[in-house]
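Chemist: The sequence and its predicted three-dimensional model are supplied below.
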Amino acid sequence: MKTRLIAGLPVSAIGLGAMPMSVAGHMPDETQSIRTIHAALDAGITLIDTADAYTPTAGEVGHNERLVARALALWTGDRDTVLVATKGGHTRTEDDGWGLDGSRDHLRRACERSLKALGVEAIGLYQHHRPDPAVPYEESIGALAELLDEGKIRLAGISNADPAQIRLAHDILGGRLAGVQNEYSPRFRSSEPEIDVCEELGVAFLPWSPLGGIRSAAGLGDEHAAFNEVAAERGVSPQRVCLAWELARSPVVIPIPGSSRPESVLDSAAAADLILTSEELARLG
């Protein structure tokens, strides 16, 4: 599979978002989840994205991280070639909702918990999940800088950040910001300015929900007719066209489509080899 760079480290041009394997009401059984992760790895995907907050209930924090760790432990390939990215700073509430805690102390505790869940001595890519309005952004990013300096994480990233926050994080980390993970898809294009800043700074941009999210991915071509049209002409799925369209947006873009089935992850992986023409890209907008 074609590769792209995160802080100079080659990774597959398409990653795997493991979140759907831990979403209540949608999650498959563990056997299918592990088969899906193995299918991704066998197809050449070397970037897996997870988070401590990807869990079916508040009482199972780290569920998705532990699932990824089990799948990697059972895989017969070279695990050293795989970059696992996780996140901290989102919390789960007792009613299984979502909260925020971007404090230094929380991020340090969350990192320690993720280290144990993943069974590693250092996390490949650790990302601040979402800005916390109650905590100065400098404090949250400062915690990442400490974790980098201490060797608990190898790369640092941020998520759900605007252009000013990207530049601030880049400065606080002394140029060591490795990635930005924001929502981006045909139905959510407002992250265009963030992509441009990442390209300027040489920072990887990892679109989350690149196919429009769990509930919208299957109907992507119905909502955006041009993707269906190009897909029909190419004899591929509109989802594959969508990921190829995102890859064409900038050399720093590395989509991380979520998946819970081997069939869908294989279709996503094939997008790395689909090169769209300038005329097709113009039609897709």
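Modeler: Sure, I can see it.

Chemist: so where do the helices sit in the stretch 51-200 of the chain?
Modeler: Assigned by DSSP state H, counting those that start in this stretch, the stretch 51-200 of the chain shows helices spanning 63-74, 104-118, 137-149, 163-172, 192-201.

Chemist: I'd like the distance from the helix or strand just after the last one to the chain centre, please.
Modeler: It refers to helix 192-201. Downstream of helix 192-201, the first helix or strand assigned by DSSP states H and E is strand 204-205. Centroid separation between strand 204-205 and its chain, computed with CA atoms, centre = their mean, to the nearest Å, is 10 Å.

Chemist: which residues sit against strand 204-205?
Modeler: The contact list for strand 204-205 (CB atoms under 8 Å, 6 or more residues apart in numbering) reads 4-7, 157, 178-182, 184, 191, 194-195, 198-199, 250, 252-254. (Glycine included, C-beta is placed from N, CA and C.)

Chemist: What's the PyMOL line that selects buried ones from those residues?
Modeler: Provided next is the PyMOL selection string for whichever of the contacts of strand 204-205 are buried by 16 or more other CB atoms under 10 Å:
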select buried, resi 4+6+7+157+178+179+180+181+182+184+191+194+195+198+199+250+252+253+254
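
Chemist: For the stretch 1-150 of the chain, which residues score under the pLDDT cut-off?
Modeler: For the stretch 1-150 of the chain, no stretch is flagged by pLDDT under 70.

Chemist: try it again with 90
Modeler: Scanning the stretch 1-150 of the chain for pLDDT under 90 picks out 23-27, 94-96.

Chemist: quick one: the strands in it?
Modeler: Here the stretch 1-150 of the chain has its strands, by DSSP state E, counting those that start in this stretch, at 3-6, 9-12, 16-17, 47-49, 83-88, 90-92, 98-100, 123-128.

Chemist: same question, the stretch 151-285 of the chain
Modeler: Counting by DSSP E, counting those that start in this stretch, the strands of the stretch 151-285 of the chain are 153-159, 177-181, 204-205.

Chemist: what's the second one in contact with?
Modeler: By CB under 8 Å, 6+ apart, the surrounding residues in contact with strand 177-181 are 6-7, 49, 85, 87, 125, 127, 155-161, 166, 169-170, 194, 198, 201, 203-208, 256.

Chemist: quick one: that strand to helix 192-201, angle?
Modeler: 160 degrees (axes from the mean of the first three to the mean of the last three CA atoms, to 10 degrees).

Chemist: just the angle between strand 177-181 and helix 163-172, please?
Modeler: Interaxial angle of strand 177-181 relative to helix 163-172 (the same axes, to 10 degrees): 160 degrees.

Chemist: What of the longest one?
Modeler: An angle of 160 degrees separates the directions of strand 153-159 and helix 163-172 when computed by the same axes, to 10 degrees.

Chemist: let's number from 431 now, not from 1
Modeler: With 431 as the first residue, the last one maps to strand 583-589.

Chemist: what about strand 583-589, distance to the chain center?
Modeler: Offset of strand 583-589 from its chain centre (CA atoms, centre = their mean): 12 Å.

Chemist: And the contacts of that strand?
Modeler: Taking CB under 8 Å, 6+ apart as the rule, strand 583-589 contacts 436-437, 439, 515, 517, 541, 552-560, 571, 574-575, 577-578, 595-596, 599, 603, 606-612, 634, 636, 638.
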